[in-house]
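> what would the 3D arrangement of this be:
(one chain, ligands or ions: 1)
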Amino acid sequence: MSNPSDFFSNKRSGFGMMPDMEEEQFLLWQNLLEERTGMCLAPQRKSFLQTSLGIRMRELGCDDYEDYYKKVTTGSGGGIEWSILSDRLTVQETRFFRDPDAMAFVKNHLLAMVKTAPQDRSFDILSMGCSSGEEVYSLAMLADECLSHLGFKYSVTGTDLSTVVLRKARQGKYPIRKLETLPASYRQRYCIAVENNEYQIISGLRDRTCFSQVNALNLDAFPVSGLSIIYCQNLLIYFRRWRRREILNALADRLVEGGILVTGLGEMVDWQHPNLVQVDSNKLSIYVRRDNNNQMGGR
Ligand SMILES: C[S@@+](CC[C@H](N)C(=O)[O-])C[C@H]1O[C@@H](n2cnc3c(N)ncnc32)[C@H](O)[C@@H]1O
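The predicted model follows:
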């Protein structure tokens, strides 16, 4: 799991000296980020904020935090500038099969679900905060392996706030070093070598995926339901606890009976939902949706 202290990652180098940010200014940026992304920026991350803003401001020839704040928050250009800035500020680290234990659980669960599924069932999977797509394609590989030969349909949808990572995800092209965590059998079956020493996910698998910009703070605008698997790892860790609870409650309502919600270990330790049962494991943070006739008390 990513460390919350890495939230502001000093991704770009070449930063010159910027004026020190006043406390009042810091609070403004802190509030803007939390309001728009849900992410909390601890006071000790002020220097990261300053560095990241400074790099972007230098690109624009701007040296005043207040002027830049106005640029980001006003007019139609503000939206475009915000999407550039937010992409640079958020942690987007990801990799294929990042959490092998959770992926193994997903595979076994899919295999168990198909045993009793009607032949016309489609298994729809969601990856929230999918970054550049590795998680989506890992899930698609598992689904393809478990379901395709039996004639079952499946889809994997990846969502993220950042349009920049979503563009990369749609392409499904990765340098060879990104394939290191991908088991060799999947690499051989689902990746092909393309130009520039890169590998691309085969079109047959990409065709089963789709990517969409969705803010986890606004799930009402994303009316998807009947999901068999919801994967939500390394996103909630940056949010306040009440927000994590709200998001998980909203996601729980989108699962089919027997569907699973996969979160990162330690991301939400004391959350319960009347329709979900937590898998008993110290390596996993996974919840299974019980059947609707078997509910318990409130949330
Ligand atoms: C650390 S990555 C996790 C990627 C992947 N889930 C994994 O575990 O490898 C977190 C992702 O969440 C996205 N994100 C941050 N705030 C978000 C929000 N409010 N709504 C949707 N996505 C968000 C970021 O853009 C980033 O791509």
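
> residue 225 is in contact with residue 252, isn't it?
No - counting by C-beta atoms under 8 Å, residue 225 does not reach residue 252; the two are 11.1 Å apart. For the C-beta atoms, the positions are set from N, CA and C on the backbone; glycine is no exception.

> what about the two, which has more around it?
Legend: neighbour count by other C-beta atoms under 10 Å for residue 225 and residue 252, higher for residue 252 (19 against 9).

> mind listing what that one touches?
261, 273, 275, 276, 287, 289 (C-beta atoms under 8 Å, 6 or more residues apart in numbering).

> swap in 6 Å and give it another go.
Counting by C-beta atoms under 6 Å, 6 or more residues apart in numbering, residue 252 touches 273, 276.

> tell me the spacing between it and the ligand.
Distance of residue 252 to the ligand, given as C-beta to the nearest ligand atom, to the nearest Å: 17 Å.

> where does that residue fall, phi/psi-wise?
Phi and psi for residue 252, reported as degrees, to the nearest 10, are phi -60, psi -40.

> now do the same for it: its pLDDT.
Model confidence at residue 252, expressed as pLDDT, equals 97.

> that one and residue 288, how far apart?
From residue 252 across to residue 288, the span is 11 Å (C-beta to C-beta, to the nearest Å).

> give me the mean pLDDT for the helix or strand hosting residue 138.
Element membership for residue 138 (DSSP states H and E) is helix 134-147. Averaged over helix 134-147, pLDDT sits at 98.

> also stretch 98-112?
Mean predicted lDDT for stretch 98-112 stands at 98.

> what comes up buried for that stretch?
Under the neighbour-count criterion of 16 or more other C-beta atoms under 10 Å, stretch 98-112 has 98, 99, 102, 103, 105, 106, 107, 109, 110 buried.

> turn these into JSON lines, including secondary structure and distance to residue 52.
As requested, the buried residues of stretch 98-112 are exported to JSON lines (DSSP: H, G, I helix; E, B strand; the rest coil; distance: C-beta to C-beta, whole Å):
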{"residue": "98", "secondary structure": "coil", "distance to residue 52": "24"}
{"residue": "99", "secondary structure": "coil", "distance to residue 52": "28"}
{"residue": "102", "secondary structure": "helix", "distance to residue 52": "31"}
{"residue": "103", "secondary structure": "helix", "distance to residue 52": "32"}
{"residue": "105", "secondary structure": "helix", "distance to residue 52": "36"}
{"residue": "106", "secondary structure": "helix", "distance to residue 52": "34"}
{"residue": "107", "secondary structure": "helix", "distance to residue 52": "38"}
{"residue": "109", "secondary structure": "helix", "distance to residue 52": "39"}
{"residue": "110", "secondary structure": "helix", "distance to residue 52": "40"}
